[in-house]
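>>> I'd like to go over a predicted model; first the sequence, then the structure.
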Amino acid sequence: MLIANPIYDVVFKYLMDDSKIAKLIISSIIAEEIEELVFKPIEFVGDIKQKAKKKTKQTKQMPETSSTLTVYRLDFSAKIKTPTGHKNVLIEIQKAKFPTDIMRFRKYLGGQYSNKENVQKQQTGGRLRRTGVPIVSIYFLGHKLDKITSGAIGINRNYRDLITNEPINEKEVFIESLTHDSYVIQIPYLTPRRRNDLEILLSVFDQSNVIDEHCHILNIKEEDYPEKYRPIIRKLQKAIEDAEVKQKMDMEDNILDELAEMERIIEDIEGEKEQAMHEKDQAMHEKDQATRKRPSNARKRASNARKRASNTRKRPSNARKRASNARKRPSNARKRPSNKTKRDAIKRVGSFTQITRRPRQRK
């Protein structure tokens, strides 16, 4: 059986517009019985400006064309059956194709908590008061989380005594109004495995069943689904024959391509900014190191200057010593006979000795 791919927003909304199908899908995910479900459709329409491929002769600039992107945020007011009666909750369903949608979800949750319409009257503190309607959020992700590889994740609040570590079964209006349960469906991790009813239901999102290059059509086996889930696949089968749905799927493809390109450009710009900041920090570090070395070099130059000055002061003292030594040299010269004088004296003494020792001649 060929069905339209519910990963597309337009197909997903086409599916969830049927209150019986929406009740079946939501109750299967949150594992609670829904008695009543009221659809509160909210649309966000945004224009994405695109540049045409040709230039006009008048302006010689790229003319801009506008594409309309409609994002559906599905809100439901539900009455859920409980063991003690029933409770009213606000169920919000959102689909995300990019990890950057996180901040949009946070902003939306803040708006839901501050919305004055999302209140109810309950007995608390001894009298009837206006309190917040509990919120249940369901996210269908077209991308993978960083660490968790489970296809369906439940984040439920559990009351626990932190002293005794025992569970608390009672519910408080104060806590229920300020906290909420969440469910996350990771579509990329929905595989052909069918281990329970929920996995069988979510298999309509299994992208391994895509048969066309545009990923618009899935090929499934109707007999793989129990009778209670047959309305879902039959609704998706009808979506293929709806011309408006086909047209919006094509438009969604074009817009998603533009968004993916914009996200890539933003990532490149952020990468360039980080590189520029790194280079700037490196330059500042090198400048700081050079500044720290300059005082040390200045101290060395000052020390050398002091040494040269000290040597200069020593030079006159050395000159005086040399002059004093020069003055002493004539006196020493006078005191010390020269070698020639010594030799003459020796000759004279020798001659005298010869004269005195000459034998007398006999007469």
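Alright, I've got the coordinates.
>>> can you list phi and psi of Asn88 for me?
Main-chain torsions, Asn88, degrees, to the nearest 10: phi -100, psi 130.
>>> around it, how many other residues sit close by?
13 (other C-beta atoms under 10 Å). The C-beta positions use only the backbone N, C-alpha and C, and glycine is treated the same way.
>>> give the bridge partners for it, please.
With DSSP bridges applied, Asn88 shows beta-bridge pairing to Lys79.
>>> per-residue pLDDT, it?
pLDDT, Asn88: 87.
>>> unless I'm mixing things up, it is touching Ala78, no?
Yes: the pair formed by Asn88 and Ala78 meets the contact definition of C-beta atoms under 8 Å, at 7.3 Å.
>>> what residues do those two have in common as contacts?
Here Asn88 and Ala78 share no contacting residue, scored by C-beta atoms under 8 Å, 6 or more residues apart in numbering.
>>> show me where the stretch 51-200 of the chain dips below the pLDDT cut-off.
Applying pLDDT under 70 to the stretch 51-200 of the chain picks out residues 51-72, 98, 100.
>>> for this structure, which segments count as helices?
9-16, 19-30, 102-114, 173-178, 197-202, 230-241, 243-335, 339-356 (DSSP state H).
>>> kindly state the domain boundaries assigned to the protein.
Following automatic domain parsing, one gets these domains for the chain: 2-49+66-241, 310-356.
>>> so which of these comes closest to Glu274?
Smallest distance to Glu274 across these (C-beta to C-beta): 16.9 Å, for domain 2-49+66-241.
>>> who touches Arg129 in this structure?
Arg129 neighbours (C-beta under 8 Å, 6+ apart): 121-123.
>>> put the buried members of those residues into a ChimeraX selection.
In ChimeraX, selecting the buried portion of the contacts of Arg129, with burial taken from 16 or more other C-beta atoms under 10 Å, looks like this:
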select :122
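>>> identify, from the contacts of Arg129, the entry nearest to Glu32.
If you rank the contacts of Arg129 by distance to Glu32 using C-beta to C-beta, Gln122 comes first, at 19.1 Å.
>>> give the contact list for the closest one.
128-129, 131, 173.
>>> now Ile135
89-92, 109, 112-113, 118, 180.
>>> re the thing from before, let me know the closest of the contacts of Arg129 to Lys307.
Nearest member of those to Lys307, counting by C-beta to C-beta, is Gln122, at 90.3 Å.
>>> and the gap between the closest one and Asn88?
Gln122 sits 10 Å away from Asn88 when distances are taken as C-beta to C-beta, to the nearest Å.
>>> got it, and Glu117?
Taken as C-beta to C-beta, the span from Glu117 to Asn88 is 13 Å.
>>> now Glu279
Taking C-beta to C-beta, one finds Glu279 at 57 Å from Asn88.
>>> same thing with Phe12?
25 Å.
>>> again with Ala290
Ala290 is 69 Å from Asn88, by C-beta to C-beta.
>>> Glu32 contacts His86, correct?
No: using C-beta under 8 Å, Glu32 makes no contact with His86, being 10.3 Å away.
>>> overlap in contacts of the two?
Ile80.
>>> okay, these two: which has more neighbours?
It is Glu32, of Glu32 and His86, that has more neighbours when counted by other C-beta under 10 Å, with 17 against 14.
>>> any idea how many residues pack against the closest residue to that one other than its chain neighbours?
Nearest non-adjacent residue to Glu32, counting by C-beta to C-beta, 6 or more residues apart in numbering: Ile80, 5.0 Å away. Ile80 has 20 neighbouring residues, counting by other C-beta under 10 Å.
>>> same question, Asn169
Asn169: 6 neighbours (other C-beta under 10 Å).
>>> nearest spatial neighbour of Leu202, skipping sequence neighbours?
Leu190 (5.4 Å).
>>> ok, now how distant is the closest residue to Gln123 other than its chain neighbours from Asp75?
Of all residues not flanking Gln123 in the chain, Arg129 sits nearest, at 7.7 Å (C-beta to C-beta, 6+ apart). Note on Arg129: its distance to Asp75, by C-beta to C-beta, is 24 Å.
>>> and if you look at Glu267?
32 Å.
>>> okay, the two: which has more neighbours?
Asp75 (19 against 11).
>>> need the contact list for the closest residue to the more buried one other than its chain neighbours.
Take Asp75 and drop its neighbours on the chain: the residue closest to it by C-beta to C-beta, 6+ apart is Lys40, 4.1 Å away. Lys40 sits next to 75-77 when contact means C-beta under 8 Å, 6+ apart.
>>> of the domains of the chain, which approaches Met284 most closely?
Nearest of the domains of the chain (C-beta to C-beta): domain 2-49+66-241, 31.1 Å.
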